[in-house]
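Participant: Just to be clear, the model below is a prediction. Sequence and coordinates:
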Amino acid sequence: VDTVSLHKPALMMANSYLGSARILFGCDCPFWGMGEGLESVRDLDISERDKENIFFKNAEGLLKLA
């Protein structure tokens, strides 16, 4: 799934249910800017490792970049 939501409870539920290894960062531009999307994940009460997974590690693995 992706993080196209600014609703913290929804993002926390997704992380709790699916785990950060199954979530990719996404932004709903132009409806809200990249900054709001980034902050919606940065503000979550999750580990830095979970945030790294969501922001780039999962995409690297999916796209075979790393």
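Facilitator: The structure has been received and is ready for your questions.

Participant: quick one: the strands in the chain?
Facilitator: Listed in chain order, the chain contains no strands at all (DSSP state E).

Participant: List the buried residues for the least confident helix or strand in the chain by mean pLDDT?
Facilitator: Among the helices and strands of the chain, helix 34-42 carries the lowest confidence by mean pLDDT, DSSP states H and E, at a mean of 92. Applying a neighbour-count criterion of 16 or more other CB atoms under 10 Å, the buried positions in helix 34-42 are Gly37, Ser40, Val41. All C-beta spots, glycine's among them, are computed from the backbone N, C-alpha and C.

Participant: Make TSV from the residues you listed and add distance to Leu11 to it.
Facilitator: Compiled in TSV, those are given as follows (distance: CB to CB, whole Å):
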residue	distance to Leu11
Gly37	11
Ser40	6
Val41	7
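
Participant: Just give me the closest of those to Lys51.
Facilitator: Each of these was checked against Lys51 using CB to CB; the closest is Val41, at 6.2 Å.
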